[in-house]
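> pasting the sequence and the predicted coordinates here, then a few questions.
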Amino acid sequence: MKIYFETAMPDRRSSGMNTHQTKPKYPRIAIALVGGVAGVLALSLAFNIHRLVSPKDSPVHQAETALKEAPASEASLSAPIKAEVDKAPQESRTALNTVYEAFSFAPLWTSSKNQSRLQSLTKSMYEARDQGIERENLVRLVAKVKTKLSPDEAAQTDVALTREALSLANALRLGAVSTAELGTSWVMPAETFDAAPVLIDGLKRGDIQGIFAKLPPADEQYKGLVTALQIYRDMATQGGWPTLPAGEELRLDTQDARIAIINARLKAEGYLDARETPDAARLAEAVMTFQKRNGLEPDGRLGKETLATLNISADDRVAQIAANLERRRHTVRDLGDDHIAVNSASTMLTLYRNAKPELTLKVVSGKPVHATPILSAKITAVTLNPRWEIPPSIAGKEILLKLKANPNYFADNNMVVVDGPEADPHGQSIDWSQYSAKSLPVRFRQRAGDDNALGYIKFQMTNPQNIYLHDTPSRKAFAKYERHLSHGCIRVDQPATLAQQVLADTTGWDASEVEKEIATNGTRSIVLKKPLPVYIFYWTALVEKDGVYFPQDVYSRDKALAAALGIKPALEEKQHPDRLVALD
């Protein structure tokens, strides 16, 4: 299947800027997704991704010249290198010592015979940049390799290059930023990785580039996003796309001056063919496609939210893709053949059996003020007719206020005071005005029933955040396109269907048995024979068969992560070629 993105500015006639035709500002970008996402690396690109060639006086040019010259001898560097390793910070000293011991503390980069190693490392650095990993310090160190280094300077540079090589390996395998820089919402366990043996292997094989190329995720989404990053960087380098002026909702069947800009904007990202002159119906169709791929309700109307999304720049898309690549590097590689994956950004759930999607459902995830965390857990049991043990935060900040306004609130909503008077389960005799959210001495519970906030089915999950999947009596939410409405937990559309799949390996609990048990109104937990892994992700950039999708960054997580990665605007990169390495 071939999908073509057209990234071409319209001719001046279609934009209303002039009456004569000019060549498109952007090259046409043709992307052939062979067999869908599975063939993302077989992309046929009808454009050149230009790697900037540095001027002769730049550090990069100096580095390239240095690779052709003869640095200090090995014998004169062993002792200074050992001294430099001993002075290294504790967090890197062990790895440095392991690497240099494997080579008897000989220089790894700064001797004349190591030029090919340095070139291989430089290529790995450039490939890492193509994945959203910036290593400006490594560029400066490569440029520092020159003939007139003293033994001490050469040793310092050699050890610093090894430290950077280890850091690059860690960035490719585990992520370039720390888990703390991912934010408090990231609560997935971190994987372990020892970069020293990997670097030693690459050095001995004389193929650092090949060894490092095996470190990033190998899944189709990651590969597709790497390609998308290159495409959007190219668009950003060439100026991106036009910005729409502010205003009221833009009607497509009018003579609004913004129509020409809309045409140019949609053509720039390939939603319209560069050569077509669309009528209102065709324009509405293109707008709907844009909305669908950008997490907006596909109504074909150019309202405030759609106009704002159209004005997200190509640079911002580069940052967004880079942020998602980083999240994927931090994510555990083996999710298991059977698991549930939830994307809290797009509010969708997919159940996988034998590593293939078996069931896809809509979900409701947390409001921006109650953002659903990024975590992994396991479903250990399915509870039918669950009771809702109201969390203290909700009890103190929301339920208490309702009780103060209406003493009969618990009686009206099938709720009880867990630690209250036995003769007054609904707390109608309690003076709630004396309590605050911080001083509330009792717990609240909602009994099982038609109005229970968890509905009829709860999927019990093991995690400190007390996040779980559950049914809901508020079924209308699933008819909405924007479904970030919960306190953080995941409400599931068609929970009975999901329960049937989750309980498939648990004897005696088919769909009819589950239905019978719910009809009893009694609370019952069914322990799974084998716990089912659940992963709650936050993907705001995805590659699908028909293109790149950008679910809305409702929790505003992308920009901070991109900044931590050091992602710079494309035009700023163009003005600083010393940040790049020019390779033939």
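Received the coordinates, thanks. Residues are numbered from 1 along each chain as shown.

> neighbours around residue 405, how many?
By the criterion of other CB atoms under 10 Å, residue 405 has 9 neighbours. Every residue, glycine included, has its C-beta placed from N, CA and C.

> endpoints of stretch 262-274, how far apart?
Start and end residues of stretch 262-274 are separated by 13 Å (CA to CA, to the nearest Å).

> buried ones in the longest helix along the chain?
Counting by DSSP state H, the longest helix found in the chain is helix 151-174. Neighbour counts over helix 151-174 (16 or more other CB atoms under 10 Å) mark 151-152, 154-174 as buried.

> elements contacting that helix?
Helix 151-174 is packed against helix 78-87, helix 90-101, helix 115-129, helix 136-144, helix 195-205, helix 208-212, helix 314-330, with contacts defined by 3 or more CB pairs under 8 Å, 6 or more residues apart in numbering; DSSP states H and E.

> tabulate the CA atom coordinates of it in CSV.
Extracted C-alpha coordinates of helix 151-174, given in CSV (Å, rounded to 0.1, in the frame of the first residue of the first chain):
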residue,chain,number,x,y,z
PRO,A,151,50.1,13.8,26.6
ASP,A,152,47.9,15.1,29.5
GLU,A,153,45.6,16.8,27.1
ALA,A,154,45.4,13.8,24.8
ALA,A,155,44.6,11.6,27.9
GLN,A,156,41.9,13.9,29.1
THR,A,157,40.3,14.0,25.6
ASP,A,158,40.5,10.2,25.2
VAL,A,159,38.8,9.5,28.5
ALA,A,160,36.2,12.2,27.9
LEU,A,161,35.5,10.6,24.5
THR,A,162,35.1,7.2,26.2
ARG,A,163,32.7,8.7,28.7
GLU,A,164,30.7,10.3,25.9
ALA,A,165,30.6,6.9,24.0
LEU,A,166,29.3,5.2,27.1
SER,A,167,26.7,7.9,27.6
LEU,A,168,25.6,7.6,23.9
ALA,A,169,25.2,3.8,24.3
ASN,A,170,23.1,4.4,27.4
ALA,A,171,21.0,7.0,25.6
LEU,A,172,20.3,4.7,22.7
ARG,A,173,19.4,1.7,25.0
LEU,A,174,17.7,3.3,28.0
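
> that helix - what's its average pLDDT?
Summarised as a single mean, pLDDT over helix 151-174 is 96.

> okay, the spatially most central residue of the chain and residue 534: tell me how far apart.
The residue lying closest to the centre of the chain (CA atoms, centre = their mean) is residue 324, at 2.7 Å. To residue 534, residue 324 is 20 Å away according to CB to CB, to the nearest Å.

> how about the closest residue to residue 455 other than its chain neighbours, what does it touch?
Closest residue to residue 455 apart from its sequence neighbours, by CB to CB, 6 or more residues apart in numbering: residue 471 at 2.5 Å. Each residue near residue 471 by CB atoms under 8 Å, 6 or more residues apart in numbering is listed here: 454-458, 491-492, 495.

> including secondary structure, could these go into TSV?
As requested, the contacts of residue 471 are exported to TSV (DSSP: H, G, I helix; E, B strand; the rest coil):
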residue	secondary structure
454	coil
455	coil
456	coil
457	strand
458	strand
491	strand
492	strand
495	helix
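
> sorry, back to before: mean pLDDT for the helices and strands packed on helix 151-174: which is lowest?
helix 136-144 (a mean of 90).

> next, residue 527: secondary structure please.
Residue 527 - assigned by three-state DSSP - is strand.

> pretty sure it contacts residue 380?
Yes. Contact criterion CB atoms under 8 Å: residue 527 and residue 380 qualify, at 6.7 Å.

> and those two? which has more neighbours close in?
residue 380 (15 against 10).

> isn't that one right up against residue 460?
Yes. Under the criterion of CB under 8 Å, residue 380 makes contact with residue 460 at 5.6 Å.

> which outside residues touch the strand or helix carrying residue 496?
Using DSSP states H and E, the element containing residue 496 is helix 495-502. For helix 495-502, the external contacting residues (CB under 8 Å, 6+ apart) are 349, 351, 353, 358-359, 361, 379, 382, 455-457, 459, 469-471, 492, 510-511, 514-515, 528, 532.

> can you select the buried ones among these for me in PyMOL?
This is the PyMOL syntax for the buried subset of those, where burial follows 16+ other CB under 10 Å:
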select buried, resi 349+351+359+361+379+382+455+456+457+459+469+470+471+492+514+528+532
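
> the contacts of helix 495-502 in helices, which ones?
Using DSSP H, the contacts of helix 495-502 in helices are 511, 514-515.

> could you dump those residues into JSON lines with distance to residue 280 and pLDDT added?
Converted to JSON lines, the ones in helices among the contacts of helix 495-502 look like this (distance: CB to CB, whole Å; pLDDT from 0 to 100):
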{"residue": "511", "distance to residue 280": "48", "pLDDT": "90"}
{"residue": "514", "distance to residue 280": "50", "pLDDT": "94"}
{"residue": "515", "distance to residue 280": "49", "pLDDT": "94"}
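
> just for the chain, where's the confidence low?
The chain contains residues with pLDDT under 70 at 1-75, 146-147, 571-584.

> please report how far residue 214 lies from residue 442.
The spacing between residue 214 and residue 442, counted by CB to CB, is 57 Å.

> I figured residue 366 was touching residue 484, is that so?
Yes. If you go by CB under 8 Å, residue 366 and residue 484 touch, sitting 6.4 Å apart.

> give the residues shared as contacts by the two.
With CB under 8 Å, 6+ apart, residue 366 and residue 484 have common neighbours residue 344.

> who's more crowded, these two?
The neighbour count for residue 366 versus residue 484, taken as other CB under 10 Å, is higher for residue 366 (23 against 20).

> partner residues bridging that one?
Judged by DSSP bridges, the bridge partners of residue 366 are residue 486.

> show the contacting residues for it.
344, 372, 484, 486-489.

> quick check on these: which are buried?
Buried by 16+ other CB under 10 Å: 344, 372, 484, 486, 488-489, out of these.

> this protein: strands as residue ranges?
339-343, 348-353, 356-366, 375-384, 388-389, 415-417, 444-446, 457-461, 469-470, 484-486, 490-492, 524-537, 542-544, 547-549 (DSSP state E).

> turn the ones you listed into CSV, columns for distance to residue 120.
Shown next, in CSV, are the strands of the chain (distance: least, CB to CB, whole Å):
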stretch, distance to residue 120
strand 339-343, 36
strand 348-353, 37
strand 356-366, 38
strand 375-384, 35
strand 388-389, 57
strand 415-417, 66
strand 444-446, 62
strand 457-461, 45
strand 469-470, 47
strand 484-486, 46
strand 490-492, 45
strand 524-537, 34
strand 542-544, 29
strand 547-549, 31
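
> nearest to residue 255 among these would be which one?
In terms of CB to CB, the element of these nearest to residue 255 is strand 547-549, at 30.5 Å.

> quick one: contacts of stretch 193-203?
94-95, 98-99, 102-103, 108, 117, 120, 162, 165-167, 169-170, 173-174, 208-212, 215.

> what residues are up against the residue with the largest distance to the centre of the chain?
Centroid-distance maximum for the chain: residue 423 at 52.1 Å, with CA atoms, centre = their mean. By CB under 8 Å, 6+ apart, residue 423 lies in contact with nothing.

> same thing with residue 298?
288-289, 291-292, 481.

> gap between residue 411 and residue 167?
Taking CB to CB, one finds residue 411 at 62 Å from residue 167.

> domain assignment for the protein?
Per automatic domain parsing, the domain ranges recorded for the chain read 53-214, 346-387+449-537, 389-447.

> residue 550: which of the ones you listed is closest?
domain 346-387+449-537 (9.8 Å).
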